[in-house]
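1. Take a look and give me a structure for this.
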Amino acid sequence: MQLTRSDRERIADSRGKLQAVSKALSKVDPDKVEDLERIQDCLEGAEKNLGKALRSSHLPEQDPSRQ
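-> Numbering: from 1, shown residues only. Next up is the predicted model:
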(Lines give C-alpha, C1' and ligand atoms only; values in the text may rest on other atoms or scores of the structure.)
Protein backbone atom coordinates (compact mmCIF):
# COMPACT_ATOMS: atom_id res chain seq x y z
CA MET A 1 0.00 0.00 0.00
CA GLN A 2 1.32 3.41 -0.92
CA LEU A 3 1.45 6.07 1.77
CA THR A 4 1.14 9.73 0.98
CA ARG A 5 3.99 12.03 1.85
CA SER A 6 1.86 13.40 4.67
CA ASP A 7 1.25 9.87 5.99
CA ARG A 8 4.98 9.11 5.90
CA GLU A 9 5.77 12.34 7.76
CA ARG A 10 3.17 11.61 10.45
CA ILE A 11 4.44 8.05 10.88
CA ALA A 12 8.08 9.16 11.04
CA ASP A 13 7.18 11.83 13.60
CA SER A 14 5.25 9.31 15.68
CA ARG A 15 8.15 6.85 15.57
CA GLY A 16 10.44 9.56 16.91
CA LYS A 17 8.04 10.33 19.74
CA LEU A 18 7.74 6.65 20.64
CA GLN A 19 11.53 6.33 20.70
CA ALA A 20 11.81 9.40 22.94
CA VAL A 21 9.22 8.06 25.38
CA SER A 22 10.91 4.67 25.45
CA LYS A 23 14.30 6.27 26.14
CA ALA A 24 12.85 8.42 28.93
CA LEU A 25 11.12 5.44 30.55
CA SER A 26 14.34 3.43 30.48
CA LYS A 27 15.60 5.75 33.25
CA VAL A 28 12.60 5.08 35.50
CA ASP A 29 12.87 2.56 38.33
CA PRO A 30 10.70 -0.42 37.25
CA ASP A 31 9.62 -0.92 40.87
CA LYS A 32 7.89 2.46 40.76
CA VAL A 33 5.73 1.84 37.68
CA GLU A 34 3.45 -1.16 37.44
CA ASP A 35 3.95 -3.17 34.22
CA LEU A 36 6.77 -0.89 33.02
CA GLU A 37 8.39 -3.71 31.07
CA ARG A 38 5.11 -4.43 29.27
CA ILE A 39 4.71 -0.74 28.48
CA GLN A 40 8.23 -0.62 27.03
CA ASP A 41 7.56 -3.77 24.99
CA CYS A 42 4.39 -2.20 23.61
CA LEU A 43 6.21 1.00 22.67
CA GLU A 44 8.95 -1.01 20.96
CA GLY A 45 6.41 -3.07 19.03
CA ALA A 46 4.53 0.02 17.91
CA GLU A 47 7.74 1.69 16.75
CA LYS A 48 8.80 -1.40 14.82
CA ASN A 49 5.40 -1.74 13.14
CA LEU A 50 5.44 1.90 12.07
CA GLY A 51 8.94 1.41 10.67
CA LYS A 52 7.72 -1.64 8.78
CA ALA A 53 4.87 0.42 7.32
CA LEU A 54 7.33 3.07 6.14
CA ARG A 55 9.64 0.50 4.55
CA SER A 56 6.83 -1.38 2.82
CA SER A 57 5.39 1.85 1.42
CA HIS A 58 8.62 2.35 -0.55
CA LEU A 59 8.55 -1.07 -2.20
CA PRO A 60 7.48 -1.13 -5.85
CA GLU A 61 4.03 -2.48 -6.49
CA GLN A 62 3.97 -6.20 -7.15
CA ASP A 63 2.40 -7.40 -10.40
CA PRO A 64 -0.16 -10.03 -9.24
CA SER A 65 0.38 -12.00 -12.44
CA ARG A 66 4.03 -12.58 -11.49
CA GLN A 67 3.27 -14.33 -8.20
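
2. What helix or strand is the residue nearest to the spatial centre of the chain located in?
-> The geometric centre of the chain, computed from its C-alpha atoms, lies nearest to residue 47 (CA atoms, centre = their mean), at 2.0 Å. In this assignment (DSSP states H and E), residue 47 forms part of helix 36-57.

3. Low-confidence ranges, the chain, go.
-> For the chain, the stretches flagged by pLDDT under 70 are 1, 59-67.

4. roughly how far is stretch 37-47 from the heart of the chain?
-> Centroid separation for stretch 37-47 versus its chain: 9 Å, with CA atoms, centre = their mean, to the nearest Å.

5. ok so, going back, list the buried residues of the helix holding residue 47.
-> Using 16 or more other CB atoms under 10 Å as the test for burial, helix 36-57 gives 39-40, 43, 47, 50. For glycine as for every other residue, the C-beta is placed from the backbone atoms N, C-alpha and C.

6. any idea how far the spatially closest residue to residue 11 that is not a sequence neighbour is from residue 41?
-> Leaving out its chain neighbours, the residue that sits closest to residue 11 by CB to CB, 6 or more residues apart in numbering is residue 50, at 5.1 Å. Distance, residue 50 to residue 41, by CB to CB, to the nearest Å: 15 Å.

7. and what of residue 52?
-> Residue 52 is 16 Å from residue 41, where distance means CB to CB.
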